[in-house]
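[1] Here is my input; please provide its structure:
(2 chains)
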Amino acid sequence: MNTEPTDNSDDKKATTAAASELNKLLEIISGTSSMIENIWAGNDGSQKYFDMLRTSVDRAAKVTAQLVEHAGGTDKKILLHPELTEFARPRKQPQAAPKRTRQLLVVDDEPMALVLAKRILSEAGFEVTTAQSGFECLDFVRKRPRHFDLVLLDLSMPFMDGEETFGRLRGINPELVVLLSTGFIAQERLDRMLAAGMAGFLRKPHRPDEMVAHVRSVIESVKMSRAGCLVNTLAAS
Amino acid sequence: MSSSLARVFDQLSQNRLFEGIQSDLLDQIAPEVHVVQLNAGEVVFREGDPGDLMYLVGEGSVKISKSGRGGQQETLGFIKSGNFFGEMALLDGEPRSAMATAAEPTLLGTVDEPTFQHILELAPSRLHMNFLRSVSERLRSVNSHFITEVMRTERLGLVGAMANSIIHDLKNPICIIQCCTDLIERESSDPRVRELTAMTDKAVDGMLAMTQELLDYARGSTSLSFETISIWRLLDELNQQSLRLLPGRNIQFAKNIRYDGNVVVDVARFTRVLCNLIKNAREAMPRGGILSLSTDLVNGQVVIRISDTGIGIPAEILPKLFEPFVTHGKSHGTGLGMAIAKSVVTAHKGTISIASVQGKGTTVDIRLPVPAVEAGE
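    Numbers count the residues shown, from 1 in each chain, chains lettered A, B, ... in the order given. Alright, predicted model coming up:
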């Protein structure tokens, strides 16, 4: 079959858009189905539905991962800022519960994603505030620049995307810990944002437990790294 | 019932589709299953055929293949006795995506949609399960080598290659997710579960819409089937599909038909573009307004104009409107709508342009060539 020359940049945009949107939706499905499984009180025979559901979500995630790959997105799933990785070692002894409840700000333009993230992260013991746009996020942070321990930020949002929001957040409070969560990001862009001080990255779709674990690990590593810096500075003086 | 026929039905009742379904229920269904006898090499259906039946393999086996490089058939697998195939057509109504041929003398039972519905009513959970299990097993076997094959051999654009393989691949797991969620919802009375399954459903709908849009986008310039139809026929299609939704939303419809001759279009695809434009216009007028549709002959071109008296589009966004993923006014859209419109109209050797004033409204013009017959008059 002969094809007319296609405008590849538009094709790429379309694929990027699709991959990002599909991963966003898959993330929701993955979240809802794990939550259903957790509260399930139906008959035992239903386990097979959950198995199948999980298989299908994985299967769909693999297919969308191909889309991501073809559009030149990063294949990384979970990433911690290189400077934080040495602090991310899981400690053997049981962790002492944090003295105060950790404050999270979740930013996503998809209302369902916010509802889910709020439920999942609240159940995991965080205090969760949600913002449905970069604008709302900036409004919250501007009012209370030091209130949030971590901002979980979506990338593809209309009118002001995650990268711009991130840049503006840095302007308000350069210490603010930001974890990017998106279904699609080009490697260069990811590198650029990490270089600008983004604490970590989590690619959608991810399971609820992965999200909770990564949020915890980022907060913990940042805390350790800051403590480490302090110790070093003290020792040096 | 003759004894040989009885034997056939006995074989078919052993089919995996019916596993665990009580025999008295099967007796009710048996008369609705038609039996087909095929010789080795006989074709059950071809790729691209409209699909409205699924098949149960009684005796023998069926080869599933797809045309690959240089039109050669590539075998995807064999469906053996006791299994079934062709079921996707009952789910999505799409044409056959592969070819099925009897690999040896074969007895098949055919199930049409009403029969399938009937079985579903008689044994909903059981049938769902049997169905899901088979479909998901097949998924595993058919996939990835085929994708790479398509990518390599067909010189399609990036998205074109996606469309033919990856996107289709996505439909299956999505359908399974939909079925499972449905079953889970049915077996639970927990309101929390219902709330979550409702969210899953919404996300699944979103995924289906997105895949459809990506397919439409990718197919924009490929495999159109043109027909010469009158403007009236086109309006009738629009009337059936989208215009009738307008009055309920306090939107008036004004038409001005100055050209009522023929146009050459792929009816389904072109109508979908117009429906999308009408939907955009509708969404731009949340408090009501006037939607006008006019046709005219200007400088030897047919101009179809759709305009609204809605909120308009900011000037900054206008130039990028036909690029994928510029959404405006929707908190999240799939963002391919206008890109699809452009690729479909371009494939019709036409052009599409848009003018908008914020607060006043938007006008979209589609220009198509005048069909040769009309031009000669």
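
[2] same for the biggest helix by length in chain A, what does it pack against?
    In chain A, with assignment by DSSP state H, the single longest helix is helix A:8-39. Applying 3 or more Cβ pairs under 8 Å, 6 or more residues apart in numbering or on different chains; DSSP states H and E, one finds that helix A:8-39 makes contact with helix A:47-70, helix A:111-123, helix A:208-236, helix B:158-161, helix B:168-186, helix B:191-219. All C-beta spots, glycine's among them, are computed from the backbone N, C-alpha and C.

[3] Relative to B:Asp308, how far out is A:Gly183?
    32 Å (Cβ to Cβ, to the nearest Å).

[4] So for the two, which residue has more residues nearby?
    A:Gly183 (28 against 25; other Cβ atoms under 10 Å in any protein chain shown).

[5] For stretch B:183-190, measure first residue to last.
    This stretch, stretch B:183-190, spans 14 Å end to end (Cα to Cα, to the nearest Å).

[6] quick one: buried residues of that stretch?
    Across stretch B:183-190, burial judged by 16 or more other Cβ atoms under 10 Å in any protein chain shown covers B:183-185, B:187-188, B:190.

[7] cool, stretch B:87-103 as well?
    In stretch B:87-103, counting by 16+ other Cβ under 10 Å, buried: B:87-91, B:96-103.

[8] Let me know the helix or strand that A:Leu104 is in.
    strand A:103-107 (DSSP states H and E).

[9] Quickly run through the sheet partners of that strand, with directions.
    Note on strand A:103-107: by DSSP bridges, its sheet partners are strand A:127-131 (parallel), strand A:150-154 (parallel).

[10] for chain B, where's the lowest mean pLDDT among helices and strands?
    Least confident helix or strand of chain B, by mean pLDDT, DSSP states H and E, is helix B:144-153 with a mean of 43.

[11] Any stretches of chain A with poor pLDDT?
    A:1-8, A:42-43, A:88-99, A:229-237 (pLDDT under 70).

[12] Tell me which residue is most central in it.
    Most central in chain A under Cα atoms, centre = their mean is A:Ser181, positioned 2.7 Å from the mean C-alpha point.

[13] Could you look up the next helix or strand downstream of the helix or strand hosting it?
    Using DSSP H and E, the element containing A:Ser181 is strand A:178-182. Where DSSP H and E defines the elements, the next helix or strand beyond strand A:178-182 is helix A:187-195.

[14] Only the buried residues of the helix or strand following that following helix, if you could.
    Using DSSP H and E, the helix or strand that follows helix A:187-195 in sequence is strand A:200-203. By 16+ other Cβ under 10 Å, the buried positions in strand A:200-203 come out as A:200-203.

[15] nearest to chain B, of those?
    Sorting the buried residues of strand A:200-203 by how near they are to chain B, with Cβ to the nearest Cβ, puts A:Arg203 at the top with 17.1 Å.

[16] Run through the residues that contact the closest one.
    A:23, A:74, A:76-78, A:181-183, A:185 (Cβ atoms under 8 Å, 6 or more residues apart in numbering or on different chains).

[17] is it possible to export the strands paired with strand A:103-107 to JSON lines including mean neighbour count?
    As requested, these are exported to JSON lines (neighbours: other Cβ atoms under 10 Å in any protein chain shown):
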{"stretch": "strand A:127-131", "mean neighbour count": "19"}
{"stretch": "strand A:150-154", "mean neighbour count": "26"}
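
[18] Would you format these as JSON lines with distance to B:Gly350 included?
    Formatted as JSON lines, the strands paired with strand A:103-107 follow (distance: least, Cβ to Cβ, whole Å):
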{"stretch": "strand A:127-131", "distance to B:Gly350": "43"}
{"stretch": "strand A:150-154", "distance to B:Gly350": "37"}
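
[19] ok, back up a step: once you drop chain neighbours, what's closest to the residue nearest to the centre of chain A?
    With Cβ to Cβ, 6 or more residues apart in numbering or on different chains as the criterion, A:Ser181 has its nearest non-adjacent residue at 4.6 Å, and that residue is A:Leu202.

[20] in stretch B:186-205, what's buried?
    B:187-188, B:190, B:193, B:196-197, B:199-204.

[21] Find the centremost residue of chain B, please.
    Chain B, centroid-nearest residue using Cα atoms, centre = their mean: B:Glu94 at 5.7 Å.

[22] My guess is it contacts B:Gly86. True?
    No: here B:Glu94 does not reach B:Gly86: they are 11.7 Å apart, not a contact under Cβ atoms under 8 Å.

[23] list residues touching both of those two?
    Joint contacts of B:Glu94 and B:Gly86 (Cβ under 8 Å, 6+ apart) are B:Gly51.

[24] Helix or strand: which one has B:Ala355?
    Counting by DSSP H and E, B:Ala355 is found in strand B:351-357.

[25] List the pairing partners of that strand within its sheet, with orientation.
    strand B:361-369 (antiparallel).

[26] what distance separates the partner strand from the centre of its chain?
    26 Å (Cα atoms, centre = their mean, to the nearest Å).

[27] got a list of what the residue nearest to the centre of chain A touches?
    Contacts of A:Ser181 (Cβ under 8 Å, 6+ apart): A:108, A:152-155, A:201-204, A:206, A:211.

[28] 10 Å instead, please
    A:24, A:27, A:106-108, A:113, A:117, A:152-155, A:162, A:200-204, A:206, A:211, A:214-215 (Cβ atoms under 10 Å, 6 or more residues apart in numbering or on different chains).
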